[in-house]
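>>> Take a look and give me a structure for this.
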Amino acid sequence: MTFQKTALAFAAVGLLAAPLRVLASPMDGGWHHDGMEFMHGVNLTDAQKQQIHQIAETARSQTRAAEENLRAIHQQLSAAMLSGETLQQLLPIQHQEDTLREQIDAQRLAVAVQMRNVLTPDQLAQASAEHAKLASLREQEHALMGEGQ
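As a prediction, the model looks like this:
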């Protein structure tokens, strides 16, 4: 296989296999991938759990259509890539996908802020301390593994 064919094959596989980060939502257990890291290690009251659950349910229903549109655009981009479309033909589709991702990311950030506002100042301090501990552990892990050199 020539270099060009190999590169094209990797590009096509990457495009087809690229996970849609939008599909791992905070409501489905994706807390650590969607800006919800601040919730890690926070002990919530039952009332707070209920509030956060309600925020998550509302967000899920609001983003469902956008996520379905994102999947459709991604499939359209994959099909266009495999049908031999030119870069100029692919770019508008990619732009649609990027714009929709930005909208979904903005919605997620708004949800994270709503959830954060449920926490008390003490809980935010607790979350901050947990975040600092985790960051320190990651730094130690990278140092032990020799990463960043």
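>>> three-state assignment of Glu85?
Following DSSP: H, G, I helix; E, B strand; the rest coil, we place Glu85 in the coil state.
>>> Any idea how many residues pack against it?
Burial of Glu85 is recorded as 14 neighbouring residues (other Cβ atoms under 10 Å). C-betas here are computed from N, CA, C, even on glycine.
>>> try Thr86
A count of neighbours around Thr86, defined by other Cβ under 10 Å, yields 8.
>>> Val42 too?
Neighbour count of Val42, defined by other Cβ under 10 Å: 16.
>>> Got the phi and psi for Thr45?
Backbone dihedrals for Thr45, given as degrees, to the nearest 10, come out at phi -80, psi 170.
>>> which residue sits closest to Gln123 in space, ignoring its chain neighbours?
The shortest distance from Gln123 to any residue that is not its chain neighbour, by Cβ to Cβ, 6 or more residues apart in numbering, is 5.1 Å, and that residue is Val42.
>>> so who does the one you found touch?
Counting by Cβ atoms under 8 Å, 6 or more residues apart in numbering, Val42 makes contact with 119, 123, 126-127, 130.
>>> Could you rerun that using 7 Å?
Contacts here follow Cβ atoms under 7 Å, 6 or more residues apart in numbering; on that basis Val42 touches 119, 123, 126-127.
>>> Sort out for me which of the residues you listed are in helices.
123, 126-127 (DSSP state H).
>>> which one's the longest helix in this structure?
Assigned via DSSP H, the chain shows its longest helix as helix 46-82.
>>> elements contacting that helix?
Other elements packing on helix 46-82 under the criterion 3 or more Cβ pairs under 7 Å, 6 or more residues apart in numbering; DSSP states H and E are helix 3-17, helix 87-116.
>>> So which bits of it are buried?
Judged by neighbour count (16 or more other Cβ atoms under 10 Å), helix 46-82 contains these buried residues: 48, 51-52, 55-56, 59, 63, 67, 70, 73-74, 77-78, 80-81.
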